[in-house]
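Undergrad: I would like the atomic coordinates for the input below:
(2 chains)
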Number of protein chains: 2
Amino acid sequence: MQAKAGSLLSGLPSRPLTEELTETFCERPGLRIERIVSTGQASPDGQWYDQESDEWVLLVKGRARLRLEGETQDRELVEGDFVFLPAHCRHRVAWTQREPPTVWLAIHIFTKC
Amino acid sequence: MQAKAGSLLSGLPSRPLTEELTETFCERPGLRIERIVSTGQASPDGQWYDQESDEWVLLVKGRARLRLEGETQDRELVEGDFVFLPAHCRHRVAWTQREPPTVWLAIHIFTKC
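TA: Numbers count the residues shown, from 1 in each chain, chains lettered A, B, ... in the order given. Purely as a prediction, here's the structure:
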């Protein structure tokens, strides 16, 4: 089988977009690996992600602020930072760097220990 | 459940080590996410990885060269580059940047499509 290769930093938009870009690199039963490109997007006020799957997310490039329910302030994320978000750990993206784009690697995990 | 967080760029060795450092961040049936820190290590001459599991690997920091069996030259990897290595896709690490350290994110996938 051919080794598929690429760069998480290629094909980035040269200007901010109205929506986030999501691209799936690997999908399996129980697993999905995707790149998300944000250009200033954030969760709408009062909207929380409440996911069925666990998520391990890495901030590859740019900057972001993440708020977890029950915490009193946003978490500041810079390049290299990761967060493991268990299923139903309610969270919202408070802010993302608009330019240059913010690049996330998200690993969605549907299997349990 | 608590959201576990950290940085792939923290705790890096300040000088080259004799062996690679491997740290597991998430382990599940069918899945293991780990950080590998290389400081100049490479596969010994003639030694190939031949893994039972698929591997999706990301070069987070530094530089490396990867050789896949059947290819006539190394693949040069820089920050943001990823390669999907199917199980039994024989490969070797030809070279890694020694200083500053080279940081990989490796996702080992044991489930099949």
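Undergrad: wait, isn't A:Glu23 in contact with A:Leu12?
TA: No: when contacts are counted by Cβ atoms under 8 Å, A:Glu23 is not listed as touching A:Leu12 (11.1 Å). Placement of C-beta: from N, CA and C, glycine included.
Undergrad: Mind checking which of the two has more residues around it?
TA: Ranked by neighbour count (other Cβ atoms under 10 Å in any protein chain shown), A:Glu23 and A:Leu12 place A:Leu12 first, with 18 against 12.
Undergrad: interface residues of chain A facing chain B?
TA: Contacts of chain A with chain B, taken as Cβ under 8 Å from any Cβ of the partner chain, map to A:1, A:3-10, A:25-26, A:28-31, A:33, A:56, A:58, A:60-61, A:68, A:75, A:78-86, A:89, A:91, A:103, A:105, A:107, A:109, A:111-113.
Undergrad: A:Ala94 and A:Ile36: what is the separation?
TA: The gap separating A:Ala94 from A:Ile36 is 15 Å, by Cβ to Cβ, to the nearest Å.
Undergrad: re the thing from before, show me which of the residues of chain A next to chain B are buried.
TA: A:3, A:7-9, A:25-26, A:28, A:30-31, A:33, A:56, A:58, A:60-61, A:68, A:75, A:79-85, A:89, A:91, A:103, A:105, A:107, A:109 (16 or more other Cβ atoms under 10 Å in any protein chain shown).
Undergrad: Of those residues, which belong to strands?
TA: A:7, A:25-26, A:28, A:31, A:33, A:56, A:58, A:60-61, A:68, A:75, A:81-85, A:91, A:103, A:105, A:107, A:109 (DSSP state E).
Undergrad: gap between the residue nearest the centre of chain A and chain B?
TA: Residue closest to the mean C-alpha point of chain A, counted by Cα atoms, centre = their mean, is A:Trp104 at 4.4 Å. Separation of A:Trp104 from chain B (Cβ to the nearest Cβ, to the nearest Å): 12 Å.
Undergrad: Leaving out the residues flanking it, which one is nearest to that residue?
TA: A:Ile36 (4.3 Å; Cβ to Cβ, 6 or more residues apart in numbering or on different chains).
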